[in-house]
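S.K.: Give me the fold of what follows.
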Amino acid sequence: MTDPVNPLSALPADATEDWEHALITGNGRQGALCYGSPAALRFTLAHEDVFQPVTEPLPAPATAAALPRLRTMLADGRFAEAAAEVCEVATAEHPGYAGTRWIDPLIGTATLTFTPDRPGDGWSRDTDFRTGVVRLRWAGVTGEAFVSRAADLLFIRVTGSGGTLSLAPIAGTPERPIDVERTEEHGTLVLTARFRDATWPGALDGYTVTARSWRTASGVVIAARTTPGLRRTALGEMPDFDAVLAEHVAVHGDLFDRTRLTLPDRRTEQLFDAGRYAIISSTGTRPPTLQGVWSGTYSPPWRSGWTIDGNLQAALLAVHTTGTPELMPPLFDLLDALRADLRENARRLYGMPGLYAPAHLGTHGRQNHFGPVWCLTFWTAGAAWLGRLYLEHWQHTGDVAFLHDRALPYLREVAEFHLAFAEIADGRARFSPSYSPENHPVNTGAQACVDATLDVRAVGDVLRALLILDAANPLAERWRTLLDALPPYRVTDAGELAEWLDPRFDDNHEHRHSSHLYALYYAGDAELLDDPVLRAAAVETVRRRLRWWLSEASDEMGYGLGLLGVAAARLGLAEEAYAALTRLSAAYWRPNLVPTHNRDHMFNVDLAGAYPALVAAMLLAGRDVAADGVARLHLLPALPDAWPSGSVRGLIARGPVRVDLTWAPGTLEAVLTSAIARTAVVTGPDGTVTVALAPGTPLRLRLARTRKSS
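M.R.: You can find the predicted model right below:
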């Protein structure tokens, strides 16, 4: 296990003033980027609710009446024409659809600068992942900063130097004008930012940032807060830094300590901790955006909202397996807040009941972002994929109230849409239009398609769950009819698992997404894992995609490689999973221990979730718990040769069952704990045993490990 205090290697001189190379601290609601030098310490602030109103949301385009002709075009192979038709219908309805419409951007709110009286040499910096404290040091001076979960404030303590404090807008030019006023009142700095020309209903009017400093016997204490809206908040008296930190650590440290990893591979340990730290620190009342809860720009890539065709799912992928289920409900809260828009999308786009979730979510959930190439109105699987996250929460918590009050109502609405949308002819369901996230068949060049594998598998997940968990529902017979009509996986002539079930489409392996492996990101499904032909096809697909990822041709979307690695681990491909992990470790993390979207390009936290999820998937796998209540676990399913010994504490398997593992050459010890009495079927490297778990009583298993995990 690495020390959670992680010193950082030296940065290039030109990176010290770059917010993208900053150290991060956050309490989920507010984040601070900590950077600068002994000449000036800088803290750029952001808040989870401060999205600048830039683009007025429109109703989703009314394309429902065009659905029959769109389906005819797709059946005739006029794929690009179908995508263009949607744009023509939308533009005819509202000229605002003539160009690409984006969600509003998450922006930095201000930069707080502390200029020390005693600059000097010997600059170093580190982050204590367990406490959330960033430390900045130079000759005789220490700066400490954290964002308190208890007080919802950024606190900074400088020991060994006095100095002056200033507050200013972030660098750059906003996309719409922002009127900024700076004042000082009774020792408190106040920055008021008013969003000009944002007159549509629900638009945020602005925000305020307040900051104050107090001299101490040894230096300075500083507090700062961003407040959405134009109402400022008082900062009160000088805080007791250590007391507030202790309150913060009681919450943050508890979350961080849930899982502990020890490997002979220090880099993997370090990044496992760094990823978990970033997700814990950027989950507040909302889930992490593309940049978590940090921003130093007015124009973040993809607006730093919530992208749900893989990004957000990757960011949240380790939340359950590493024992922090409290971090998942903010997603469900977000979907509750946007539910009216998701229903209206389904009605206007397709004339159907139920839910339609667009690929980009932000201050609204309307389907506004699409075009003739990126034909995102054709992606109907978004709400179903999010439904898998409701199931993951149920599987990993056993929370009956959550199941009945939140999960089942959501899943029913998802199913309602697909009961109306899917066409069943001759006993086979067809999904038209369809879309496999951001990819296109190599032989058509158009993203518009029918029967993407992801659509079928995600909808099948929802239907199977409803038939088990809500079997007495009057709609169960219709759910069963659609489930039985779903087409099976297709294997291509090359022996690979097809990304599109329609044989008209040829796979395109040189791509960052691999959404047809969706089931392998989670528990898998029996049809794939238990059929030797399909399993072999999935193995070949992983290997084919991985060859591209490991080549110099790929340079983007590290979380996509993380998901591919998870799929490899789920198939028992230890060395392939480790190859993905090694590339991620080497190419997608900066010295500040924050990942990037592309290789050393674009601050991004998606991989912060996917990386620990990949490590966890190499050490533990499990099937969904079915109606029989049996937990089915696979220990060390993809252990690479590079990890001959190690341990992990606090992994959570579906059930839920807590799993602690310690292994060495020839041996494996597992400690299993379930909150309720249950049977567990446990597969290790040398075979399978069935055990009975008593409520709350750890069961210790000592297993031989003479064969390599597979």
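S.K.: how close does Phe505 get to Ala415?
M.R.: 26 Å (C-beta to C-beta, to the nearest Å). From N, CA and C alone the C-beta is placed, and that goes for glycine too.
S.K.: oh, I was asking about Asp197
M.R.: As judged by C-beta to C-beta, Asp197 and Ala415 stand 42 Å apart.
S.K.: Which one of the two is surrounded by more residues?
M.R.: Neighbours per residue, other C-beta atoms under 10 Å: of Asp197 and Ala415, the larger number sits with Ala415, 28 against 11.
S.K.: contacting residues for that one?
M.R.: If you count contacts by C-beta atoms under 8 Å, 6 or more residues apart in numbering, Ala415 has them with 354, 459, 462-463, 466, 475, 479, 482.
S.K.: So what's the residue count around His94?
M.R.: Using other C-beta under 10 Å, the number of residues around His94 comes to 14.
S.K.: which residues sit in contact with the closest residue to it other than its chain neighbours?
M.R.: Closest residue in space to His94, ignoring its immediate chain neighbours: Leu58 at 5.6 Å, by C-beta to C-beta, 6 or more residues apart in numbering. Applying C-beta under 8 Å, 6+ apart, one finds that Leu58 lies in contact with 94, 96-97, 101, 366, 368.
S.K.: which one in the protein is furthest away from the centre?
M.R.: In the chain, counting by C-alpha atoms, centre = their mean, Ala217 sits farthest out from the average C-alpha position, at 43.5 Å.
S.K.: of the contacts of Leu58, buried ones?
M.R.: Buried by 16 or more other C-beta atoms under 10 Å: 97, 101, 366, 368, out of these.
S.K.: Which residue comes closest to the second one once chain neighbours are left out?
M.R.: Same thing as Arg101. Of all residues not flanking Arg101 in the chain, Asn368 sits nearest, at 4.4 Å (C-beta to C-beta, 6+ apart).
S.K.: Please enumerate the helices of the stretch 301-450 of the chain.
M.R.: 311-315, 329-337, 339-350, 382-397, 400-402, 408-421 (DSSP state H, counting those that start in this stretch).
S.K.: out of the ones you listed, nearest to Glu185?
M.R.: helix 329-337 (33.9 Å; C-beta to C-beta).
S.K.: Could you list the buried residues of the closest one?
M.R.: Going by neighbour count (16+ other C-beta under 10 Å), the buried part of helix 329-337 is 329-332, 334-335.
S.K.: If you count neighbours, what's buried in stretch 43-59?
M.R.: 43-58.
S.K.: Extract the CA atoms of it and return them as PDB.
M.R.: Extracted in PDB, the C-alpha atoms of stretch 43-59 (Å, rounded to 0.1, in the frame of the first residue of the first chain):
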ATOM      1  CA  PHE A  43      -6.300  28.800  -6.100                       C
ATOM      2  CA  THR A  44      -8.800  28.700  -8.900                       C
ATOM      3  CA  LEU A  45     -12.300  28.000  -7.700                       C
ATOM      4  CA  ALA A  46     -15.400  26.300  -9.200                       C
ATOM      5  CA  HIS A  47     -18.800  25.100  -8.000                       C
ATOM      6  CA  GLU A  48     -20.900  22.200  -9.200                       C
ATOM      7  CA  ASP A  49     -23.900  24.500  -9.900                       C
ATOM      8  CA  VAL A  50     -22.100  27.300 -11.700                       C
ATOM      9  CA  PHE A  51     -22.700  26.600 -15.400                       C
ATOM     10  CA  GLN A  52     -22.700  29.800 -17.300                       C
ATOM     11  CA  PRO A  53     -25.900  30.300 -19.300                       C
ATOM     12  CA  VAL A  54     -24.700  30.400 -22.900                       C
ATOM     13  CA  THR A  55     -27.200  28.500 -25.100                       C
ATOM     14  CA  GLU A  56     -30.900  28.800 -24.500                       C
ATOM     15  CA  PRO A  57     -32.400  25.300 -24.300                       C
ATOM     16  CA  LEU A  58     -35.000  24.500 -26.900                       C
ATOM     17  CA  PRO A  59     -37.600  21.700 -26.900                       C
END
